[in-house]
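K.L.:
I'd like to go over a predicted model; first the sequence, then the structure.
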Amino acid sequence: MSVTLADQGTPLALRPETVLVNGRPRLVTTSGAVIETEESQAGGGALIAQNGSLVFYLLQVNDVWGYFNTGMDDNKITNPVPSTFPTTGGALNQITTVAQQAPEPFTKSAFSDNVAMAVEIKSSWIETTGLANAGDYITIDATIPTYNPPLTQPNNTQSVQSGTKRARLALVGIHIVGSTLGHPEMLWATFEHVNNAPNPQYTFTTTSGGVGTQPPDGPGGWLFSSTGAAAANPNNQRIAPNGTTLNVVSGQTIGPSDVVRTAPWGTGPSDPSFTINNTDIVSLNQNVMGLLAAGDARRNYLLVGVTWVKGGSPPSNGVKVGTPKLANSRMEMFFQPSNCFDCHSDDNGNMLGTPSGSDGFSGGLSHIWAAMRPLYH
């Protein structure tokens, strides 16, 4: 999905055609700037919703992240060491100095949220066409690719990008990842829309202290499944993107998958903490929903879980805590069961990672760190 706002929040005017960069399609602004697009999940598979929409993805960072990235590029930040994201007031002060000393129009006297450290957000979106309850979603207008033949054509086995169009998109999932005091490896949280996919059976602690059982969800009304949890297949990948082309997995046709979360609240059923973790996340969701006004679309998005590394150790060596089988069904559906740190791990002692491959992505915590350009030079 194209990014439709520039770093300073101004709209981007996009050309109707795409260009190829290293064999991958890119949207281009009218001034010639190349915009990143993405339509595949972790592991490379793509997903189509029951309304026939491909899932699109948007990557964003906050202002602290942007100026930290710029300051590191210009060697203006010395603490923390170059291998970690900022976690202290001293580190934030250095990033603030970089922002204050930036040339116009990038000069920033202070950050509006002086508590937040570096934050990354990855969100997933589908077209609102065919959604009977579009008002229950957070929506945006964006420019997205079109495909020929259309993805809704029956028995289709291959579609190629043929242009772009403007569309209204609905938010279906979001990762919120940020460094905090004592956690340079970041806290990794994920949220999903309540109608995304069915959950299998899970247990929880009752108000009387016993153990209750929530039965598996049945069919009906799911965005990414026409079946209930018992009949869905968590690994039913149908589409394999390749450059500008969407191909099918052998024996499949392009269309919606019937999928399920294998760990409803981020913890596997064999984990000793399965029941208590489920209870904590469900209780937390109920408490937060009670604070939101009726009709607020945010009431329809549930926290699935949060994971981090004990003691702030490098993720490849540390102990995964919180909800250790955390996956978002819109971003890691075909990578279940998994954990964020299965892919976002320490890279030879450098949490930020180093450039690698033709696309510049890194093997560190942030897969976009090495690919991002500084705000200015």
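P.N.:
Nice, I can see it. Everything numeric here is computed off the predicted structure, so don't read it as measured data.

K.L.:
What segments of the chain are strands?
P.N.:
Taking DSSP state E to define them, one finds strands in the chain at 14-21, 24-29, 34-35, 56-61, 119-127, 139-148, 158-180, 183-193, 202-205, 211-214, 239-242, 245-248, 301-309, 320-322.

K.L.:
where exactly do the helices run in the stretch 251-377 of the chain?
P.N.:
274-289 (DSSP state H, counting those that start in this stretch).

K.L.:
Quick check: which ranges of it have low pLDDT?
P.N.:
Within the stretch 251-377 of the chain, the stretches with pLDDT under 70 are 311-313, 317, 333-335, 347-349, 354-363.

K.L.:
Please tabulate the strands of the chain in TSV, including the columns mean neighbour count.
P.N.:
The C-beta positions use only the backbone N, C-alpha and C, and glycine is treated the same way. Formatted as TSV, the strands of the chain follow (neighbours: other Cβ atoms under 10 Å):
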stretch	mean neighbour count
strand 14-21	14
strand 24-29	18
strand 34-35	15
strand 56-61	19
strand 119-127	23
strand 139-148	17
strand 158-180	19
strand 183-193	23
strand 202-205	18
strand 211-214	12
strand 239-242	18
strand 245-248	18
strand 301-309	23
strand 320-322	18
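
K.L.:
how about those in a markdown table, adding distance to K108?
P.N.:
Below are the strands of the chain laid out as a markdown table (distance: least, Cβ to Cβ, whole Å):
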| stretch | distance to K108 |
| --- | --- |
| strand 14-21 | 27 |
| strand 24-29 | 23 |
| strand 34-35 | 23 |
| strand 56-61 | 14 |
| strand 119-127 | 16 |
| strand 139-148 | 25 |
| strand 158-180 | 19 |
| strand 183-193 | 23 |
| strand 202-205 | 45 |
| strand 211-214 | 47 |
| strand 239-242 | 37 |
| strand 245-248 | 41 |
| strand 301-309 | 29 |
| strand 320-322 | 33 |
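
K.L.:
got the contact list for T107?
P.N.:
A99, Q100, Q101 (Cβ atoms under 8 Å, 6 or more residues apart in numbering).

K.L.:
Which ones among those residues lie within helices?
P.N.:
Among those, the ones falling in helices (DSSP state H) are A99, Q100.

K.L.:
Neighbour-wise, which one of the contacts of T107 leads?
P.N.:
Among the contacts of T107, the one with the most neighbours (other Cβ atoms under 10 Å) is A99, at 21 neighbours.

K.L.:
Nearest residue to the middle of this protein?
P.N.:
Nearest to the mean C-alpha position of the chain, by Cα atoms, centre = their mean, lies K122 at 3.1 Å.

K.L.:
ok, that residue touching I174?
P.N.:
Yes - counting by Cβ atoms under 8 Å, K122 touches I174, with 7.2 Å between them.

K.L.:
Nearest approach to T78 belongs to which of the strands of the chain?
P.N.:
Among the strands of the chain, strand 183-193 comes nearest to T78, with 15.4 Å by Cβ to Cβ.

K.L.:
and the closest one, what other elements does it pack with?
P.N.:
Helices and strands touching strand 183-193, by 3 or more Cβ pairs under 8 Å, 6 or more residues apart in numbering; DSSP states H and E, are strand 158-180, strand 301-309.

K.L.:
helices or strands up against the last one?
P.N.:
When you say that, I think you mean strand 301-309. Using 3+ Cβ pairs under 8 Å, 6+ apart: strand 301-309 touches strand 183-193, helix 274-289, strand 320-322.

K.L.:
what angle sits between the second one and strand 301-309?
P.N.:
Using axes from the mean of the first three to the mean of the last three Cα atoms, to 10 degrees, the direction of helix 274-289 lies 130 degrees away from that of strand 301-309.

K.L.:
follow-up on the earlier one: can you list the helices and strands packed on strand 301-309 in TSV and add distance to G218?
P.N.:
Formatted as TSV, the helices and strands packed on strand 301-309 follow (distance: least, Cβ to Cβ, whole Å):
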stretch	distance to G218
strand 183-193	18
helix 274-289	19
strand 320-322	29
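
K.L.:
what's the closest of those to G364?
P.N.:
Of the helices and strands packed on strand 301-309, nearest to G364 by Cβ to Cβ is strand 183-193, at 10.1 Å.

K.L.:
ok, P219 - contacts?
P.N.:
Contacts of P219 (Cβ under 8 Å, 6+ apart): P198, S225, S226, T227, G228, A231.

K.L.:
and the gap between it and L169?
P.N.:
Relative to L169, P219 is positioned 26 Å away (criterion: Cβ to Cβ, to the nearest Å).

K.L.:
circling back: for S338, state which of the contacts of T107 is nearest.
P.N.:
Using Cβ to Cβ, A99 comes nearest to S338 of the contacts of T107, at 35.8 Å.

K.L.:
which non-adjacent residue is nearest the closest one?
P.N.:
For A99, ignoring the flanking residues on the chain, the nearest one in space by Cβ to Cβ, 6 or more residues apart in numbering is K108 at 3.9 Å.

K.L.:
Tell me who's in contact with that neighbour.
P.N.:
K108 neighbours (Cβ under 8 Å, 6+ apart): D63, Y67, A99, Q100, A102.

K.L.:
And for the spatially closest residue to the fourth one that is not a sequence neighbour, the neighbour number?
P.N.:
When you say that, I think you mean Q100. Distance criterion Cβ to Cβ, 6+ apart; nearest residue to Q100, sequence neighbours excluded, is S109 at 6.0 Å. Around S109 there are 7 other residues, counting by other Cβ under 10 Å.

K.L.:
Pull the most distant pair out of the contacts of K108.
P.N.:
The distance between the two most remote of those (Cβ to Cβ) is 12.4 Å, for D63 and Q100.

K.L.:
thinking again about what came up before, if I look at the residue nearest to the centre of the chain, what pLDDT would I see?
P.N.:
What the model reports for K122 is a pLDDT of 90.

K.L.:
so what's it up against?
P.N.:
By Cβ under 8 Å, 6+ apart, the contact set of K122 is Y57, L58, L59, Q60, I174, H175, V177, M331.
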